[in-house]
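J.: Please find the sequence and the predicted model below.
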Amino acid sequence: PITSRKTKVLSTIHNIPKRMKSASFRETRRAPGKENIPPGTKTQKVRLTTPSILLSGIDPSIYTQPANAELRWLPKDGQIIIKVSVPATDDIWKVRVPEDVTLDAFLRKVEDKVGFAVVLSAMATERCAKITTERAFRCWVQTRVRNGRNHPITAHRTL
């Protein structure tokens, strides 16, 4: 009886299914020119359009952007949600603050949450810019929601 219990335990331990990431199931598109295809061979083009059968009688704009994506990040009870990305700890925090929060108050709240002093930076017109002035912070807060997505501000650890 002891050996059967031992083999049951071992078989249970070794037969645990492996966790797989769902991304491995999707076929990723490769950059053009990277395929290992002999010259002169035609490749099959990927169909990017939605079949018309699915769109009959349905407004196609619902496929481009969710209806309430922008509304989700609007102020509620005078509070807004600002996402803060912290590369030092590899975390993203959601910070609820008043709509009219100042840069100093926001910095204090973020520093209390992460536990160390930080400097803020954010993407501004295709480049990363430090946010050191109240005006720059207010401008970023007003433009943080783009295409229905609440973009994070980055909090870098100060040395």
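T.: Great, that's in hand. These figures come from a predicted structure and were not determined experimentally. Numbers count the residues shown, from 1 in each chain.

J.: Could you pull out the strands in this structure for me?
T.: Counting by DSSP state E, the chain has strands at residues 79-86, 91-98, 118-124, 127-130, 145-146, 149-150, 153-157.

J.: could you turn the last one into CSV, dropping everything but the C-alphas?
T.: Yep, that's strand 153-157 we're talking about. Output of strand 153-157 as CSV, limited to C-alpha atoms (Å, rounded to 0.1, in the frame of the first residue of the first chain):
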residue,chain,number,x,y,z
ILE,A,153,2.9,58.7,-16.5
THR,A,154,6.4,57.3,-15.7
ALA,A,155,7.9,57.7,-12.2
HIS,A,156,11.7,57.2,-12.2
ARG,A,157,13.5,56.7,-9.0
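
J.: ok, back up a step: so for residue 107, which of the strands of the chain sits nearest?
T.: When the strands of the chain are compared by Cβ to Cβ, strand 118-124 sits nearest residue 107, at 7.0 Å. In short, each C-beta sits where N, CA and C put it, glycine included.

J.: Show residues contacting the closest one.
T.: With Cβ atoms under 8 Å, 6 or more residues apart in numbering as the test, strand 118-124 has contacts from 86, 103, 106-107, 110-111, 128-132, 137, 140, 144, 151, 153-158.

J.: Partner strands of it, with direction?
T.: strand 127-130 (antiparallel), strand 153-157 (antiparallel) (DSSP bridges).

J.: ok so, going back, tell me which of the strands of the chain sits most buried.
T.: Neighbour counts (mean count of other Cβ atoms under 10 Å) averaged over each of these peak at strand 153-157, with a mean of 19.
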